[in-house]
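Q: Based on what follows, work out the 3D shape:
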Amino acid sequence: MLAKAPRLGKIAFHLSKGRGRKARPVTQTLRAISVPITPTEKGQPVVTVTAILAQEEHPPEGEKPIQWILLTNRTVQTLEQAQQILD
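A: Numbering: from 1, shown residues only. Model prediction:
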């Protein structure tokens, strides 16, 4: 569901060396959707969060793609809003 959300845009940054990986530039596509979370305890309200997917679509050959999923209570409708939350 999140992977099929509309693209907000792209961000680029330099990934530092660490955990067995080399330093390299990364470009990620950002997507965001609102997700209602229904509590398991009766009588509790449904909570709506925003899920942001930051996904590297074209990593260098032999490298694992860099991908993050972040949940927030803030509304995200634009690339700028997503960037602000990720920063």
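Q: Sketch out the helices for this protein, chain order is fine.
A: Using DSSP state H, the helices of the chain run over residues 79-86.
Q: which strand is the longest one in it?
A: Counting by DSSP state E, the longest strand found in the chain is strand 24-37.
Q: That one pairs with which strands?
A: In the sheet, strand 24-37 lines up against strand 7-15 (antiparallel), strand 47-55 (antiparallel) (DSSP bridges).
Q: What average pLDDT does stretch 48-66 get?
A: Confidence for stretch 48-66, expressed as mean pLDDT, is 95.
Q: Straight-line length of that stretch, end to end?
A: The straight-line separation of the ends of stretch 48-66 (C-alpha to C-alpha, to the nearest Å) is 26 Å.
Q: For it, which outside residues touch it?
A: Contact partners of stretch 48-66, identified using C-beta atoms under 8 Å, 6 or more residues apart in numbering, comprise 2-3, 5, 11, 15, 21, 24, 26-37, 67-76, 82, 85-86. Yep, even glycine has a C-beta here, placed from its N, CA and C like the rest.
Q: cutoff 7 Å now
A: Residues from elsewhere that reach stretch 48-66 (C-beta atoms under 7 Å, 6 or more residues apart in numbering): 2-3, 15, 24, 26-37, 67-76, 82, 85-86.
Q: Produce a ChimeraX select command limited to the buried residues of these.
A: Per 16 or more other C-beta atoms under 10 Å, the buried members of these correspond to this ChimeraX selection:
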select :26,28,29,30,31,32,33,76,82,85,86
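Q: Tell me which residues touch residue 30, please.
A: The contact partners of residue 30, taken as C-beta under 7 Å, 6+ apart, are 8-9, 11, 52, 54, 79, 82.
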